[in-house]
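*Asks:* dropping a prediction and its sequence here:
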Amino acid sequence: MFNEAPDRHLIRCTAVIGSGIAGLTAAILLKEQGQSVTVFEKSRGPGGRLAAKRVPGSSADIGAQYFTARNPAFLDFLTRYAGDSSFTSWQGRLVFQHRDGRREPFPEEERYVGTPRMTAISRALSAHVELVTETRIERMTRKDSQWELVDTGGNMVGRFDRVVVTAPPAQAVDLMQASGLEEVAGRLEQSVSTVAPCWAVAAHFSHPLDPGFDGIRCQHPVLYWVANNSSKPGREDSGQWWVLHGNAEWTRAHVDASPEKVGAELVTAFRELIGSDARPDDLVPHRWLYARAEGENFPGHLWFEQLGIGLAGDWLDGGRVEGAFNSASGLVKAMGA
């Protein structure tokens, strides 16, 4: 399509689409190299899957529930750019549920959460980049040696030498097709089906519950994950907020159901799981169309050097929060200075 790779010495301006961990990592690392970087985010603020919903008197983590730091570079990065006050370890009682109902503790491993909510990390990281919010990029057009980015309102928002896309694969496919980049879109088609949706509900109970765990990976026809959000450090709640995640199969079957119906069914499943007749006094639902990456043999990142376009995200590196960092840092190395 374009026969000559751009001269790396002339590249000075990069756009990053998406401000989750992958987008913010890429932006910060590129800025460290002396690049001029602009991050575009369709929502009102940064975060991606490090999401929290405002709830009465508190907030509840409805996306990623915790993260690991098996790669020491990830923890170093967070400490340097987000600050160690934005996250801490979570000593929650986490268990797996087997198909026969038996429960087994998670393996010993340090697990971290943002404080006082998961979004504290992304907001701290975003302070180091130029972030343009409430701007959804609809297409990219080649103008000489640069990419011209146009938002959904038809506004040209800038010209860039390179573009890093950290959107989920389905959204990345739409962007590539709208930009006439069918070859790139074709490379992503298989990944679209590997990212599962998830209905999430934050449920408040005025009287604390103690089912013997703070988080459980379920084997249940409805539930995938249940956690006591109030057990996490920095959450000074009155009563308890529990976060309930529907499993992928159930969510696909109910993806267009009303939030009220979803909330009721997830709470019923939760009460069944813990053997309680307790009823919540508040429910806050949220639908994730692109939540968990499934499968194996992840490429880590994608870099199309002749086009000057790269893709990064947790869906390219195993689906974990740490995978988003690994994907973005690997892409930046592949891009060079």
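*Replies:* Yes, it's here. Everything numeric in this text was worked out from a predicted model, so none of it was measured. Residues are numbered from 1 along each chain as shown.
*Asks:* for the closest residue to residue 130 other than its chain neighbours, which residues are in contact?
*Replies:* Nearest residue to residue 130, sequence neighbours excluded (CB to CB, 6 or more residues apart in numbering): residue 38, at 5.0 Å. The C-beta positions use only the backbone N, C-alpha and C, and glycine is treated the same way. By CB atoms under 8 Å, 6 or more residues apart in numbering, the contact list for residue 38 reads 13, 14, 15, 16, 130, 132, 158, 160.
*Asks:* tell me which element the fourth one is part of?
*Replies:* It stands for residue 16. strand 13-17 (DSSP states H and E).
*Asks:* next, the buried residues of that strand.
*Replies:* Neighbour counts over strand 13-17 (16 or more other CB atoms under 10 Å) mark 13, 14, 15, 16, 17 as buried.
*Asks:* over to stretch 326-337?
*Replies:* Quick answer for stretch 326-337 (16+ other CB under 10 Å): 326, 327, 328, 329, 330, 331, 332, 335.
*Asks:* hmm, who's touching the helix or strand the first one falls within?
*Replies:* Spelled out, it's residue 326. Per DSSP H and E: residue 326 is located in helix 321-335. By CB under 8 Å, 6+ apart, the surrounding residues in contact with helix 321-335 are 20-23, 25-26, 29-30, 33, 48-50, 64, 67-71, 73-74, 77, 162, 164, 166, 293, 298, 300-303, 310-314, 316-317.
*Asks:* what's downstream of the strand holding residue 16, the next helix or strand?
*Replies:* In N-to-C order, the element after strand 13-17 by DSSP H and E is helix 21-32.
*Asks:* give the buried residues for that following helix.
*Replies:* Quick answer for helix 21-32 (16+ other CB under 10 Å): 21, 22, 23, 24, 25, 26, 27, 28, 29, 30, 31.
*Asks:* report how many residues lie close to residue 68.
*Replies:* By other CB atoms under 10 Å, the residues close to residue 68 number 15.
*Asks:* and the spatially closest residue to it that is not a sequence neighbour, how far is that from residue 220?
*Replies:* Leaving out its chain neighbours, the residue that sits closest to residue 68 by CB to CB, 6+ apart is residue 322, at 5.6 Å. For residue 322, the distance to residue 220 (CB to CB, to the nearest Å) stands at 26 Å.
*Asks:* in this protein, which residue is closest to the centre?
*Replies:* In the chain, the centroid-proximal residue (CA atoms, centre = their mean) is residue 49; its distance is 2.6 Å.
*Asks:* which residues touch that residue?
*Replies:* 20, 21, 63, 64, 288, 291, 314, 321, 324.
*Asks:* now residue 176: which helix or strand?
*Replies:* Secondary structure (DSSP H and E) places residue 176 in helix 169-178.
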